[in-house]
Each structure stands twice: as structure tokens, then as C-alpha cells.
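Asker: how would this look folded up:
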Amino acid sequence: MNGLIEGTYYIETYGCQMNDHDSEKMAAMLEGLGLTRADSPEAAEVMVVNTCSIREKAEHKVYSSLGRLKSLKGRNPGLVAVVAGCVAQQEKERLLKRVPHLDAVIGTHCIADLPGLVEQIRLERDRVARTGFSPRTESLHLAAPSKGSSPVCSYVTIMQGCSNFCSYCVVPYTRGPEQSRNEHEIVEEVQRLAAAGVKEVTLLGQNVNAYGKHKEAGCSFAELLGRLDRVEGLERIRFTTSHPRDFHEDLIEAMASLGKVCEHIHLPLQSGSDGILKAMRRGYTLDEYLAKIAALRDKLPGVALTTDIIVGFPGETDEDFQQTMEALATIRYDQIFSFKYSVRPGTSARKLPHRISDEVKAERLAEVQALQERITDEYHLGAVGTEEEILIEGIRDRSGQPFGRTRTNKIVNVDAAEGLKEGDVVRVSITKGLKHSLLGRVI
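Answerer: Residues are numbered from 1 along each chain as shown. Sure thing, here's the model as predicted:
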């Protein structure tokens, strides 16, 4: 095995940035076998569905995709059909029984097994499930393309898993306990990326600012940022996702003092009610969260904040919900990601009484989103006339218009700009605030 084989592959990805990056790694491994990327599932001889189970809706999308695999297999009986990611980890061998046209199930710690499994299935037509958790971190630094969806921006996984066990969250069960990569491996990977032309890296982890709690890391997260800040050729450093409980003064100091660390943080609040936060097992109160935001804004006044909000958690009263609305109005996030609570298998919240109806959840979600739309619109309109530094990430296919993001993570489309190319860092004057982006011209 492990010789070059002919054929094509297609990877369909659901979920978070970690899944996007895992798909990049799997693509690199399949290309290492000799396979080439297909333009569509219909043209593929190896089909991988990289799955997400963080919310019920995401899981339903996965099963809809698996249903389409049956027709693909009917037209091409030799198709190798693989499910990877969090649904694979959650369901394990049960998925092979539930989906008879599936060939392999690969859990979140086992993606390194993909090439060997593809070869084995093509030769022997076995059906295989690999879903064990590894005590080591090999899967975090598997060979991957030096450049992702943008040739100048790349993800770098620095840790995986979560040990918080929030009552609603399936991540500890699908990604395992927290594991940190060694700092030297991370620095070397970022150096290689920068040498290949990458200008911006996003450091990934389910609880990224818990990096360094583990002896294999070798340093704290703030110290790691300091080491990466010195990488020659690198322009920007981002990171996601942070947990408020692990967001401390040393990280605030690093964000304020390190020139390459961008002025943006995603810090999930989830609810503005202390009662709901306690039921969620979040490990902080609203006042503690607000104190951390105040300390950050004191050191870094222009910082952009984004968050996650869950509405309709079991037992959430009208008063609890209004406290969330008041928190949103007080904090004034630049953007939020908001969701209706959904029951996840294995989590302790699935046993909680006082479920909220779908109708009430929908009403509350609409209220949250309407409030945030007004706040985001105000930010975007207020940006008109300001100057921003943007990194050009790409050129629009249809219009030929360059686009990039500010250091505060806002998308800017550059008007009437000629000669700009991916990787350029330019200053622009913001001329218009749109719903989801800004318009600017080069100064």
C-alpha cells in the first residue's frame, strides 16, 4: 500500500474552521496518494463528508448529504464513501449500520488513517470505522497545503479538544480532552507558511486560550503569541475560539502590545442571565465577563468583539432572555452568531426540564438578530470616513474587485483599484457601510 493511485476525490465540509482545516489536511493526503480534486461529487471516485454535530441543524444537513451518497453510489458502485469529523466520532460504528452505502467512518483523531483506508477499501472493499481518541497530537500537524482558501491566509491548529463540559456542548465528546501542540512545532510551521508567502495565520483550537495548560505545550498562549510575533514575513495573527473563563490579563497585555496580533477577539457569552450561565456550566457570571471586556477595551480601545448567543436554553424565562438583550445592548458587539438551543446527544442539558417551545425560540432569535443588525449597521455607517489597513485576500471572480479584511476583521471591498494583488497591505478610506461589509478606496 501507499503507492500512487489514479482517480479523483471530493470533500464536502460542514462546521467550524477546525473542520475546514482538517479538510485541507485530508485533501493534501489524498493528493499524496495521486488523486486529483474533482469539480463535483458526481465526478469523484473518493467522496469524503467532513461533518459537524455542534447543533441539530448542522447534523441534519450531514444526514441529508449522506442520503445523496446513495444515488452517487448507485451511478458509480466503485465510489469510496467516507464520513469524517464530529458526527463520525459521535456515531462511530452505528453510522455504518445506519448508512449501508458508506465505506468508512473516521473520527476526529484518526484523519491520518485516511490514505491507508482509501487504499484498503479500493483493494478489498472492506467497511471500516476508526474513531479512537489518541493521547498524542499527531493529527494536529499533519501535512497540509501551505495555503488555504486564500493564498495569503492560513489556519494553524495549536490545540484540540475541550475539557470544560458545558452542559449543552458535544465538543468534549467528539473532539476529546484538551491537547496542546509543542510551541516549537507551531513556530516552525508558521515560519514555513510565512516563507511560502502566507501573510496571516489564524490559530485554531476549540478553547484556544487554554493553550499552555498542558506540559507538552512548553509555554502559555500569551507567550506563544509573542514568539509568533517575531516570525519574519508574517503580517498578522488571529486566533479563535476563546473561552471567557481562560481569558486573562496576560492575553490582554499580549493583544495590546504585540504588533502582529489583530485587534479582534471572538469571546462567546452565550447568555446574559447568570442563572442560565450557571445551568450551562459556563464558569463565569455576567459581571465577571463584563469586567474582562472592560479591561480589554481599556488597554485596546479599538478592539472588535464578536460572540455566540444561544436562545431558548431549558428554563430560560422572559426575564432571562431580556437580560441577554440588555447585555447585547450594553456590550455592543461588532457581530454575533446566534442560535436556537438544540439537544445534543451525551450532554447533561438533554435531561433538563422546562423545555422552550420552537415558536418561542424563533421569536427570541428574531429579536436578538434584529437588535444586532441595528448595532452592526451603526458600526458600519460610523466607519465611513475612517482609514483602515487591509490585507488583500483575493480578487472577486466576476467584478475583478480586490477585497480584504481590516485588522478588526471587517471585510472591505476596494473600489476602482488597479494593480492590487493578493498579499498587498494597503491603507484605504472607507466610503460606504454595507450590511455585511464595507466599501473603500486606496489612499
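Asker: For the protein, which segments count as helices?
Answerer: Using DSSP state H, the helices of the chain run over 17-33, 56-75, 86-91, 93-98, 114-124, 171-174, 183-195, 221-228, 249-257, 274-280, 286-299, 318-331, 358-382.
Asker: Are there helices or strands packed against the second one, and which ones?
Answerer: Pointing back at helix 56-75 there. Judged by 3 or more C-beta pairs under 8 Å, 6 or more residues apart in numbering; DSSP states H and E, helix 56-75 is in contact with strand 46-51, strand 80-85. Just so you know, the C-beta spots here come from the backbone N, C-alpha and C atoms, and that holds for glycine as well.
Asker: among these, which is nearest residue 317?
Answerer: strand 46-51 (34.2 Å; C-beta to C-beta).
Asker: Touching the closest one from outside, list them.
Answerer: If you take C-beta atoms under 8 Å, 6 or more residues apart in numbering as the criterion, strand 46-51 is touched by 7-15, 19, 22-23, 26, 30, 35, 41, 59, 62, 65-66, 69, 72, 79-88, 114, 118.
Asker: thinking again about what came up before, between the helices and strands packed on helix 56-75, which gets nearest to residue 354?
Answerer: Among the helices and strands packed on helix 56-75, the nearest to residue 354 by C-beta to C-beta is strand 46-51 (30.4 Å).
Asker: List the neighbouring strands of the closest one plus their orientation.
Answerer: Partners of strand 46-51 in the sheet, by DSSP bridges, are strand 8-13 (parallel), strand 80-85 (parallel).
Asker: one step back: nearest to residue 108 among the helices of the chain would be which one?
Answerer: Proximity to residue 108 (C-beta to C-beta) singles out helix 86-91 among these, at 4.9 Å.
Asker: Quick check: residue 362 touching residue 340?
Answerer: Yes: judged on C-beta atoms under 8 Å, residue 362 makes contact with residue 340 at a distance of 7.0 Å.
Asker: Comparing the helices of the chain, which comes out most buried?
Answerer: Burial of the helices of the chain is given as mean neighbour count (mean count of other C-beta atoms under 10 Å); helix 86-91 ranks first at a mean of 25.
Asker: got a list of contacts for it?
Answerer: 15, 19, 51-54, 59, 62, 95, 98, 105-109, 131, 170-171, 173-175, 345-346.
Asker: need the helix or strand of the chain with the lowest average pLDDT.
Answerer: Least confident element among the helices and strands of the chain, by mean pLDDT, DSSP states H and E: helix 56-75 (a mean of 85).
Asker: Distance from that helix to the middle of the chain?
Answerer: 22 Å (C-alpha atoms, centre = their mean, to the nearest Å).
Asker: same deal with stretch 32-41?
Answerer: Relative to its chain's centre, stretch 32-41 lies at 24 Å (C-alpha atoms, centre = their mean).
Asker: so how far is the first residue of that stretch from its last?
Answerer: 20 Å (C-alpha to C-alpha, to the nearest Å).
Asker: List the buried residues of that stretch.
Answerer: The neighbour-count check on stretch 32-41 (16 or more other C-beta atoms under 10 Å) flags 33, 35, 38, 41 as buried.
Asker: cool, and stretch 76-84?
Answerer: Neighbour-count burial for stretch 76-84, counted by 16+ other C-beta under 10 Å, picks out 76, 79, 80, 81, 82, 83, 84.
Asker: what about the second one, distance to residue 23?
Answerer: If I follow you right, that is residue 79. Using C-beta to C-beta, to the nearest Å, we find residue 79 at a distance of 18 Å from residue 23.
Asker: ditto for the last one
Answerer: Using C-beta to C-beta, residue 84 is found at 8 Å from residue 23.
Asker: who's in contact with residue 206?
Answerer: The contact partners of residue 206, taken as C-beta under 8 Å, 6+ apart, are 18, 159, 160, 161, 162, 171, 175, 178, 241.
Asker: typo on my end, residue 385
Answerer: Counting by C-beta under 8 Å, 6+ apart, residue 385 touches 429, 430.
Asker: Now it. Its backbone dihedrals?
Answerer: The phi and psi values for residue 385, taken as degrees, to the nearest 10, are phi 90, psi -10.
Asker: Show the pLDDT at the residue lying closest to residue 426 once chain neighbours are set aside.
Answerer: In this structure, residue 426 finds its nearest non-sequential neighbour in residue 442, 5.3 Å apart by C-beta to C-beta, 6 or more residues apart in numbering. Looking at residue 442, its pLDDT reads 95.
Asker: show me what contacts residue 442?
Answerer: Residues in contact with residue 442 (C-beta under 8 Å, 6+ apart) are 414, 417, 420, 426, 427, 428.
Asker: Relative to residue 424, how far out is it?
Answerer: The gap separating residue 442 from residue 424 is 9 Å, by C-beta to C-beta.
Asker: do the same with residue 324
Answerer: Distance, residue 324 to residue 424, by C-beta to C-beta: 41 Å.
Asker: Over to residue 239?
Answerer: Look at residue 239 and residue 424: by C-beta to C-beta, they are 23 Å apart.
Asker: For those two, work out which one has more neighbours and name it.
Answerer: Of the pair residue 239 and residue 424, residue 239 is the one with more neighbours under other C-beta atoms under 10 Å, namely 26 against 18.
Asker: Cool, thanks, talk later.
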